[in-house]
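Peer 1: I need the structure of the sequence given here:
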Amino acid sequence: EIDRKEVWASNGHYRSGDAVFHLSTTEHATEPSLGAVLVTAAAEEFTVLAVVKDTMGDRWECVGRNLAVSEGLTERVTIQVAGEPEQDSSGHIRPIMWHDEFTEVVARLQVNGRDRMVEHNQTVFKQRGTCVFLLPKEIDATRRIKQADGTVWKILAVSKKDQLDTLFEAEVEQSPWPLL
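Peer 2: Sure, this is the predicted structure:
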């Protein structure tokens, strides 16, 4: 594991929990690719962030990050996809029901704030947040996120899908009104 002094000296490049791995060039002739996953004997997964051939040339020195640990992913959420749409009596088109597309998705949902709004002639405070996922999923506005406690979040935007050192994120919003 990279020590605290190395983390401080890296100017934010490394984090606590990052680790250095040495792979023999005789066992691994080709250079490990950035973004590859190294799995330890304890089944921990580290994403390769940097690779250097050591000075003697007999091993690859790889810096890896356990993204689940560094991002504090402690939740399991469900990603649901909208079913067939239906027009309600007021003319709004909404899905009849939602179907579970991915279950037990490793994530962290962080509430960032609340916005004061007036809806249905009532003042409400909509929560805004960010959901960080361990693995990128194909999500868009036809999907929503459901937490284990039943809280439902509408997806507003997605970002960081193709970055190695951070995880895929979705900007989300929770409405106090039931989402069919």
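Peer 1: pLDDT (mean, whole number) over the top strand by length along the chain?
Peer 2: Looking across the chain with DSSP state E, the single longest strand is strand 98-119. In this model, strand 98-119 has an average pLDDT of 87.
Peer 1: ok, now stretch 154-167?
Peer 2: pLDDT averaged over stretch 154-167 gives 80.
Peer 1: residues in contact with the residue nearest to the spatial centre of the chain?
Peer 2: Nearest to the geometric centre of the chain sits F133, at 1.8 Å (C-alpha atoms, centre = their mean). Shown in contact with F133 (C-beta atoms under 8 Å, 6 or more residues apart in numbering): V105, V106, A107, L167, F168, E169, A170. For every residue, glycine as well, the C-beta is placed using N, CA and C.
Peer 1: The first one touches Q80, doesn't it?
Peer 2: Looking back up the chat, that one is V105. No. Contact criterion C-beta atoms under 8 Å: V105 and Q80 do not qualify, at 10.8 Å.
Peer 1: Let's test this: name the helix or strand in the protein with the lowest mean pLDDT.
Peer 2: helix 4-9 (a mean of 66; mean pLDDT, DSSP states H and E).
Peer 1: So, low pLDDT: which residues of this structure?
Peer 2: By pLDDT under 70, the low-scoring segments of the chain are 3-16, 55, 164-165, 175-180.
Peer 1: How are the strands of it distributed by residue range?
Peer 2: Under DSSP E, the chain gives strands at 19-24, 37-39, 45-53, 59-65, 75-82, 85-87, 93-95, 98-119, 122-133, 143-146, 152-159, 168-174.
Peer 1: Adjacent strands (with direction) for the second one?
Peer 2: Taking DSSP bridges as the criterion, strand 37-39 sits next to strand 45-53 (antiparallel) in its sheet.
Peer 1: residues of the strand it pairs with that come out buried?
Peer 2: Within strand 45-53, the residues scored as buried using 16 or more other C-beta atoms under 10 Å are F46, T47, V48, L49, A50, V51.
Peer 1: can you check stretch 69-82 too?
Peer 2: Buried residues in stretch 69-82 (16+ other C-beta under 10 Å): S70, E71, L73, V77, T78, I79, Q80, V81, A82.
Peer 1: can you tell me which residues contact the third one?
Peer 2: Yep, that's L73 we're talking about. By C-beta under 8 Å, 6+ apart, L73 lies in contact with L67, V106, A107, R108, V132, L134, L167.
Peer 1: List the residues that contact the spatially closest residue to the second one that is not a sequence neighbour.
Peer 2: Excluding its sequence neighbours, the residue lying closest to V106 (C-beta to C-beta, 6 or more residues apart in numbering) is L134, at 3.9 Å. Contact analysis of L134 by C-beta under 8 Å, 6+ apart lists L67, A68, E71, L73, V105, V106, A107, L167.
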